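> need the 3D shape of this:
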Amino acid sequence: MPDHDTTTPAGINGVKTGSIETGANAIETGTNVTKTDTGFNETDTGFIKTVAGFNETDTGFAETVVGWQLQHGRSHLPWQGTRDPYRIWLSEIMLQQTQVATVIGYYQRFLDRFPTVQALAAASQQDVMPYWAGLGYYARARNLHLCAQALCKHWGGAFPATSTQIATLPGIGRSTAAAIAAFSYGERCPIMDGNVKRVFTRYFGIYGVTTERATEKALWEKAEIMLESAPPDLDMAAYTQGLMDLGAQCCTRSRPDCANCPLAADCHARINACQGELPTPRKKKTIPERECTMLVMRQQNHILLEQQPSPGIWGGLWSFPRFDDVQALQIACSHLGVRHDSAQKMAALVHVFSHFKLHIEPWYVQEDTPSLRSPQPGQAWVAIDELAQTALPAPVRKIADDLFGAYETDGKLFTAVPVDNG
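Model prediction:
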């Protein structure tokens, strides 16, 4: 099963027009080039290049991966040893952009609460979000819930039998669908997650940014060729898991362990000492930075929270009321009947999203008089000892932990301990 380090691609809906060059012949269809050549490995800007050689259609590739996985791959993760597509699907979605060690505790808790597709579909989104809070990329949780409902409505509560059908469900792309079908039904369908992309680009010498369609096309075609040349009785679960394990254990992003890689003898990157060049790195972009203030309002043993709109960052989760600046926060205090000069500035923190960096400046106010006005629509007073069961995004959880002594034990949900901060 997976150890994803990039979001599983959502399938290829079209190929950017480019030119495909095989040897000395080329068919020009645009400005980009997919190039197959022998004997050189430099990275060329503006086209995709596959370095061909003795491993171009290596008939032993899949068998080598399977043999290594059965002997050295991972086999004791909680989502392994099952053919239940629901459990496999859940692990696939959770492992997108999230490390295995982080996922394990969430996976177990999620299954304890939602043991079946039917249980998940019957729950409200508000019931689901606390079991995802902290994993990030919250659209995954919303799509998970929508997918469960679609399965119950259109498929009788069971997963479809083919990867093509599975890929039509909400939040499931081509690679995730293939992994579910391979592990659940043994379907011969290639996967192409971040780990596999790294293995393929290095082994076959495929240059080009892997998120670009021309490169993705070259990678998927190579993955299909490897399966076509594999024996008919190939263990698809071991092969699929083996590719993921190779990327996670040997062909890592930095300092790959080529000495213990079963593919090292024929690997283009190892032979040419260009492991650091593959996959081709994307041009670094400047990450936009934003700022906000948060009102941490406490009344006796309750905290004011505000549910975030969906879609949007933290959609469906609960946060301290968030404002663009201190002036807006002061106005909110006035509306609640609180003197804004009683607010105490807390230590600032930074939270990094995939596409921007958020600087958070929290302000703490404690007002124990019963004269506070009612909160705005979408806001609620939540008991401090209920924060453990409330879906809070990571930075909000951190602020709450620092204030109220929340802690985590043995992988269980956080338990808040009220303290007197007066």
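> neighbours of residue 398, how many?
16 (other CB atoms under 10 Å). Placement of C-beta: from N, CA and C, glycine included.
> excluding chain neighbours, what is closest to residue 89?
Nearest residue to residue 89, sequence neighbours excluded (CB to CB, 6 or more residues apart in numbering): residue 180, at 5.3 Å.
> touching, the one you found and residue 86? I think so.
No: Residue 180 lies out of contact with residue 86 (CB atoms under 8 Å); the separation is 9.4 Å.
> what sits in contact with each of the two?
residue 159 (CB atoms under 8 Å, 6 or more residues apart in numbering).
> please give the element, helix or strand, for residue 93.
Secondary structure from DSSP states H and E places residue 93 in helix 85-94.
> on contacts alone, who are the packing partners of that helix?
If you count contacts as 3 or more CB pairs under 8 Å, 6 or more residues apart in numbering; DSSP states H and E, helix 85-94 packs onto helix 100-113, helix 139-154, helix 174-185.
> buried sites along the second one?
Taking 16 or more other CB atoms under 10 Å as the neighbour-count basis, helix 139-154 is seen to contain the buried residues 140, 141, 142, 143, 144, 145, 147, 148, 149, 150, 151, 152.
> what does it contact?
Residues contacting helix 139-154 (CB under 8 Å, 6+ apart): 89-90, 93-94, 96, 117-118, 120-121, 123, 125, 128-129, 132, 135, 157-159, 169-172, 310-311, 315-316.
> ChimeraX command for the buried members of these?
Buried residues among these (16+ other CB under 10 Å), as a ChimeraX selection:
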select :89,90,93,94,96,117,120,121,123,128,129,132,135,159,169,171,172,315,316
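> so which of the contacts of helix 139-154 are in helices?
Of the positions in the contacts of helix 139-154, 89, 90, 93, 94, 117, 118, 120, 121, 125, 128 sit in helices, assigned by DSSP state H.
> dump the residue contacts of the third one.
Residue 93 makes contact with 140, 143, 144, 171, 176 under the criterion CB under 8 Å, 6+ apart.
> the nearest residue in space to residue 163 that is not next to it in sequence - how many residues pack around it?
With sequence-adjacent residues excluded and distances taken as CB to CB, 6+ apart, residue 163 is closest to residue 181, at 3.8 Å. By other CB under 10 Å, 27 other residues sit near residue 181.
> can you map out the strands along this protein?
Using DSSP state E, the strands of the chain run over 18-22, 25-27, 32-37, 47-51, 206-207, 289-299, 302-307, 318-319, 322-323, 344-345, 349-352, 357-366, 379-383.
> and the angle from the last one to strand 289-299?
By that I understand strand 379-383. Here strand 379-383 runs at an angle of 60 degrees relative to strand 289-299 (axes from the mean of the first three to the mean of the last three CA atoms, to 10 degrees).
> show me what strand 379-383 is packed against.
Applying 3+ CB pairs under 8 Å, 6+ apart, we find strand 379-383 packed against strand 302-307.
> each with direction, which strands does the strand it packs on pair with?
Using DSSP bridges, the strands paired with strand 302-307 are strand 289-299 (antiparallel), strand 318-319 (antiparallel), strand 379-383 (antiparallel).
> so which bits of the last one are buried?
Within strand 379-383, the residues that qualify as buried by neighbour count (16+ other CB under 10 Å) are 379, 381, 382.
> any idea which of the residues you listed is closest to residue 346?
Residue 346 has its nearest neighbour among the buried residues of strand 379-383 in residue 382, at 18.6 Å by CB to CB.
> which ones are touching the closest one?
By CB under 8 Å, 6+ apart, the residues touching residue 382 are 302, 303, 304, 305, 318, 390.
> can you list those in CSV and add distance to residue 232, neighbour count and pLDDT?
Converted to CSV, those look like this (distance: CB to CB, whole Å; neighbours: other CB atoms under 10 Å; pLDDT from 0 to 100):
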residue, distance to residue 232, neighbour count, pLDDT
302, 64, 16, 92
303, 61, 22, 94
304, 63, 22, 95
305, 57, 25, 96
318, 53, 24, 95
390, 52, 22, 92
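> same list (these) but as JSON lines, adding distance to residue 280.
Output for the contacts of residue 382, formatted as JSON lines (distance: CB to CB, whole Å):
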{"residue": "302", "distance to residue 280": "53"}
{"residue": "303", "distance to residue 280": "47"}
{"residue": "304", "distance to residue 280": "48"}
{"residue": "305", "distance to residue 280": "44"}
{"residue": "318", "distance to residue 280": "41"}
{"residue": "390", "distance to residue 280": "43"}
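> relative to residue 402, which of those is nearest.
Taking the contacts of residue 382 together and measuring to residue 402 by CB to CB, the closest member is residue 303, at 13.0 Å.
> I'd say the closest one and residue 390 touch.
No: in this structure residue 303 lies outside contact range of residue 390 using CB under 8 Å: 9.3 Å.
> hmm, back to that, same list (the strands paired with strand 302-307) but as JSON lines, adding distance to residue 259.
Shown next, in JSON lines, are these (distance: least, CB to CB, whole Å):
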{"stretch": "strand 289-299", "distance to residue 259": "42"}
{"stretch": "strand 318-319", "distance to residue 259": "48"}
{"stretch": "strand 379-383", "distance to residue 259": "53"}
